[in-house]
Every structure is written in structure tokens, then in C-alpha cells.
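[1] pasting the sequence and the predicted model now:
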Amino acid sequence: MTWSQDRFNETIHFAAIAHGSQRVPGQPYSYVVHLANVAMEVMAALASSEGIDADLAIACALLHDTIEDTATSAADIEEKFGTAVRAGVEALTKNKALPESEQMTDSLNRILEQPPAVGMAKMADRITNLQKPPGHWRTEKIRDYYEEAKVIHQRLGHLHLGLSKRLETRLERYIRYFSEGAVGSP
Ligand code: NI
């Protein structure tokens, strides 16, 4: 399975400009580190995949938060990356008009209407995020985040076995933060 290095380069530059000075929550470094890690998870998974649109998966990984968290519009994405990437990133974007408790289910429903590449980016995002929680998170929030990740695993796991297993491992590891809270070791 191959993908375009030039496309990766172009896309990560676009995302870096869009996210500007945003940082990874609770960390002193650029948000682009998060995006690069999500793309890395996707690329590792693609190495053992057939029949997946690799460029779509990588574009969705790098752009997954551009509509939600930056001034970038869906039309901007379409103009630069085409309709498939726009549709993928839109599916990965929460609909803030819905009650917060329904936003994840709604996004997952829309992700499942897209090619598997889009769901792979979602799993890779949560794998990347199941690390030591930011210092200000309370135990309840940590548990909610875990439960939400379990739903992602249940609904999208069938899309890619390797990512599904990786998410499972991260879920098991994340339980340690229930009692330790955010003061535990990473
Ligand atoms: Ni993310």
C-alpha cells in the first residue's frame, strides 16, 4: 500500500498553518505533533492493508480537526483537497448544534457512511489521545473519555484489525488513570 509523500507534505503544511499557535492540551508543544501522530498511526496501519484509499486516510488524519477547531471551512478543504477529503473531514467533525451527549454517536454514524479510510483516521485519533490525561481532568471526565473510546472501538473496530487491536491495548492501559487521576505516571 503506497501513498503520496508530496501530498502528505502539502497537507501537513496546510494543517499547520490552519492550527497556527494551538498546542496539544496540557502540553507545551504544537498541535501539529498530535496530527503527525495520528497520521503515523494511520500509515503504520496502511502498511498491512489492501484496498484502502491511503491518501484519503492520511488527509483525514492530518485535517481531522481543521473544520472543528480552526477558521478553515468545508469549502476550503474541498477547494484544496477535493470532495472525498471534504466529506471525510466533515464526518469527523462534531455537529455542535446537537446536545453534547449525541455528538459522538452522530459523528460515528456519518463516519460509517464514508469509505473505511475515514474511520481509520478516527480510530488513530483516539489511539493517539488515550495517553496521560491533561492535568485538569477529573476522574469522571477520564472515565467518560474511556467509555467514549470503547464505543469508537465497538463501532469502528471492524474497519481495521490492527487499529482495533491497538485501540484495545490503549483502552486497557488507560484504566490506570481512573484511580490515579491525571497525577499518575505517563
Ligand atoms: Ni484529534
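    Good, I have the coordinates.
[2] can you count the residues close to the closest residue to residue 85 other than its chain neighbours?
    Leaving aside its sequence neighbours, residue 85 sits nearest to residue 59 (CB to CB, 6 or more residues apart in numbering; 4.6 Å). Every C-beta, even on glycine, is put in place using the N, C-alpha and C of the backbone. Residue 59 sits with 34 neighbouring residues when counted by other CB atoms under 10 Å.
[3] which strands and helices sit next to the helix or strand where residue 59 lies?
    Using DSSP states H and E, residue 59 maps to helix 54-63. For helix 54-63, the elements it packs on are helix 5-19, helix 31-46, helix 74-81, helix 83-91, helix 116-129, judged by 3 or more CB pairs under 8 Å, 6 or more residues apart in numbering; DSSP states H and E.
[4] mind listing what residue 20 touches?
    Counting by CB atoms under 8 Å, 6 or more residues apart in numbering, residue 20 makes contact with residue 70.
[5] per-residue confidence at the residue nearest to residue 85?
    We have a pLDDT of 98 for residue 59.
[6] what's the answer for residue 181, then?
    For residue 181, the model assigns a pLDDT of 50.
[7] centre of the chain to the helix holding residue 59, how far?
    10 Å (CA atoms, centre = their mean, to the nearest Å).
[8] beyond it, next helix or strand please.
    For helix 54-63, the following helix or strand on the C-terminal side (DSSP H and E) is helix 66-69.
[9] check the burial of residue 70 by counting its neighbours.
    17.
[10] er, residue 140 I mean
    If we define neighbours as other CB under 10 Å, then residue 140 has 9 of them.
[11] shift numbering so it begins at 58
    Got it, the first residue is 58 from now on, which makes the last one we talked about residue 197.
[12] so where does it fall, helix or strand?
    Assigned by DSSP H and E, residue 197 belongs to helix 196-213.
[13] so what does that helix touch, helix or strand wise?
    With contacts taken as 3+ CB pairs under 8 Å, 6+ apart, helix 196-213 sits against helix 157-168, helix 173-186, helix 218-231, helix 233-237.
[14] show the backbone phi and psi for residue 190.
    With angles defined as degrees, to the nearest 10, residue 190 sits at phi -70, psi 150.
[15] ok so, going back, who touches the helix holding residue 116?
    Here helix 111-120 makes contact (CB under 8 Å, 6+ apart) with 58-61, 64-65, 68-69, 71-72, 92-93, 95-96, 98-100, 103, 134, 138, 141-142, 145-146, 149, 172, 174-175, 177-178, 181-182.
[16] which among the helices and strands packed on helix 111-120 is found nearest to residue 229?
    helix 173-186 (12.4 Å; CB to CB).
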